[in-house]
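> here are the coordinates; sequence isn't available:
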Ligand SMILES: N=c1c2ncn([C@@H]3O[C@H](COP(=O)(O)OP(=O)(O)OP(=O)(O)O)[C@@H](O)[C@H]3O)c2ncn1[C@@H]1O[C@H](COP(=O)(O)O)[C@@H](O)[C@H]1O
């Protein structure tokens, strides 16, 4: 697994036991799944707006920042539900070399 993702996953697990006053991640876990999903939704919208904004711009830093926020909050969501980046990476690995068009066609014949 990517080293940064795996290190972040370890920190997110540790933060389940941390105090909400000292940790943003702990405060999200304490507020519960609905709050976490609200943050994922917000970050998703902000990412879409940043992508649209930077389409014809050289500087893509805003999109990079918003996508990092989205990935981070998605990881908190997964961690809250007992999953981690390795579960998602395994699924992407399974799909490797499987054309999206072939996969779609196989669903339509079933
Ligand atoms: N990668 C991140 C990360 N990315 C974004 N954020 C926080 O996510 C929040 C994003 O919220 P918004 O942009 O919506 O801004 P906001 O208005 O402050 O948010 P709200 O008040 O609406 O919740 C900000 O507080 C950011 O600081 C992150 N907070 C933590 N991490 C990682 O998680 C680790 C543990 O963090 P703590 O639990 O805070 O120690 C850190 O060491 C980092 O590695």
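Yep, it's here. Predicted model, so just to flag it, every value in this text is computed and none were measured.
> shaky segments in this protein?
For the chain, the stretches flagged by pLDDT under 70 are 1, 110.
> contact residues of it facing the ligand?
Remark: the part of the chain in contact with the ligand comprises 8, 11, 15, 23-26, 42, 69, 72, using Cβ under 6 Å from any ligand atom. In short, each C-beta sits where N, CA and C put it, glycine included.
> and the buried ones among those, selectable in ChimeraX?
Selecting just the buried residues from the residues of the chain next to the ligand in ChimeraX takes one command, with 16 or more other Cβ atoms under 10 Å as the test:
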select :8,15,23,25,26,69,72
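> please enumerate the helices of this structure.
Under the criterion DSSP state H, helices of the chain are mapped to 3-14, 24-31, 33-53, 61-80, 85-95, 100-109.
> between the second one and helix 3-14, how big is the angle?
Helix 24-31 runs at 50 degrees relative to helix 3-14, counting by axes from the mean of the first three to the mean of the last three Cα atoms, to 10 degrees.
> so which elements touch helix 24-31?
If contacts are counted by 3 or more Cβ pairs under 8 Å, 6 or more residues apart in numbering; DSSP states H and E, helix 24-31 sits against helix 33-53, helix 61-80.
> which of the ones you listed sits most buried?
Mean neighbour count (mean count of other Cβ atoms under 10 Å) peaks for helix 61-80 among the helices and strands packed on helix 24-31, with a mean of 17.
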